[in-house]
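Colleague: sharing a model prediction with you, sequence too.
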Amino acid sequence: MNIKQFSKKIGVPVSTISKALGDYKDVNVNTKNRIITLAKKYNYVPNIYAKTLASKITFSVGLVLPFTYSHEQKITLIDFIENIHSKLNLLNIPVIMIFAKDEQEEIDAFEKLINYHKVRLILLNDTKEFDKRIEYLDNKNMSYITWGRCHKNSNDYSWIDEDIMFSNDLAVNFILSKGHSKIGYVDSDLKSNYIKLRKQYFKSSLKKNNIKVDSSYFVKGFRDNKIKTKENIKKLLTSNKEITILLISSHTLASYVVDACRDMNKKIGKDISLISFDSNILSSIAPFMTVIGQPIKEMNENFIRLIQSKIGNLNKNYHYLYKLKLFDNDSVAQLEK
């Protein structure tokens, strides 16, 4: 039985199970005891701990994940983590996972991973431009791999990242090929570096195509505030009636944008066109949406290879740059040129 099956069987979220079995203090004592009792009842033992008990392991990998992920992100993340677990378990290398609610808790978790669990390699997600977590790990001389680059020289650490310039050129060239030139941009409040770079390279792509960058065409969306995001979208489209298409910077905002357009009685793919970065998650939320999407399987496979390479030589840095792909569905209209 894996953790997802155990979670479904007892009706408790995966993150709560992980924290309870990891004996973290912010889980209610009654909840923790109930999970431990049920784990014994159903003979559930997390693979990473079972492996550790069965052999004398000298190498382990640490991973800290924020509680602030959206539901959609968590779905993708569970599959991703289980893929890492299964591949590294074949090498007899456990992955120690801790959840944290903010940046300071993440740093505290790193300290626990390094000093208590004695991990040799840490995986970081959602890298920021100036990332305190990276500064902390550098001061500890700790080996790490980031998903996304930061302000440091890219040759000085190991990372996997999106070719963001390529992604924006792909999006803008597709939009222009459909006859659109009045392009609204839905920015995200996420602090990840890739969000900042998407906006920056979008402007660069417009300039390369001799399209004026109009600041009034840019609007902010908020992952945790659907009402405010919808209001901003409606104001954008009401104030700039010439806009024919919206490019959405993150799939976490896509459903809000769709709802805002429908509230305005705009038919998507006819009255207004939509295209979104960045995940195949949208295939289940909005199957009609045209996306510049992540090649999930390819990314996961290459990330595993990068981890394995880093494990083989902690003193060497490895890099993998992936390209997003266009999935053209029904949300972008062809305009007359």
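Modeller: Nice, I can see it.
Colleague: strands of the stretch 151-300 of the chain, start to end?
Modeller: 158-162, 183-188, 218-221, 245-248, 273-278, 290-293 (DSSP state E, counting those that start in this stretch).
Colleague: now these as CSV including mean pLDDT, distance to Cys150 and mean neighbour count?
Modeller: The C-beta positions use only the backbone N, C-alpha and C, and glycine is treated the same way. Listed next are the strands of the stretch 151-300 of the chain as CSV, based on pLDDT from 0 to 100; distance: least, C-beta to C-beta, whole Å; neighbours: other C-beta atoms under 10 Å:
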stretch, mean pLDDT, distance to Cys150, mean neighbour count
strand 158-162, 93, 8, 21
strand 183-188, 97, 18, 22
strand 218-221, 97, 23, 19
strand 245-248, 97, 24, 25
strand 273-278, 90, 19, 26
strand 290-293, 90, 23, 24
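Colleague: I'd like the next helix or strand past the helix or strand of the chain with the lowest mean pLDDT.
Modeller: None of the helices or strands of the chain scores lower by mean pLDDT, DSSP states H and E than helix 47-54, at a mean of 47. Sequence-wise, the next helix or strand downstream of helix 47-54 (DSSP states H and E) is strand 61-66.
Colleague: what domains does the record give for this structure?
Modeller: 3-162+296-322, 164-293 (automatic domain parsing).
Colleague: measure the shortest one end to end?
Modeller: Read that as domain 164-293. Length of domain 164-293, first residue to last, C-alpha to C-alpha, to the nearest Å: 12 Å.
Colleague: same question, the longest one
Modeller: The first and last residues of domain 3-162+296-322 sit 29 Å apart, counting by C-alpha to C-alpha.
Colleague: what about this structure, any weak spots by pLDDT?
Modeller: 1, 21-25, 45-58, 67-77, 79, 90-91, 279-287, 337 (pLDDT under 70).
Colleague: helices along that one, start to end?
Modeller: 3-10, 14-21, 29-41, 47-54, 71-89, 103-115, 132-139, 164-177, 193-208, 226-239, 251-263, 282-285, 296-312 (DSSP state H).
Colleague: let's have those in JSON lines, adding distance to Leu124.
Modeller: Listed next are the helices of the chain as JSON lines, based on distance: least, C-beta to C-beta, whole Å:
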{"stretch": "helix 3-10", "distance to Leu124": "22"}
{"stretch": "helix 14-21", "distance to Leu124": "18"}
{"stretch": "helix 29-41", "distance to Leu124": "27"}
{"stretch": "helix 47-54", "distance to Leu124": "19"}
{"stretch": "helix 71-89", "distance to Leu124": "13"}
{"stretch": "helix 103-115", "distance to Leu124": "9"}
{"stretch": "helix 132-139", "distance to Leu124": "6"}
{"stretch": "helix 164-177", "distance to Leu124": "18"}
{"stretch": "helix 193-208", "distance to Leu124": "11"}
{"stretch": "helix 226-239", "distance to Leu124": "27"}
{"stretch": "helix 251-263", "distance to Leu124": "19"}
{"stretch": "helix 282-285", "distance to Leu124": "25"}
{"stretch": "helix 296-312", "distance to Leu124": "12"}
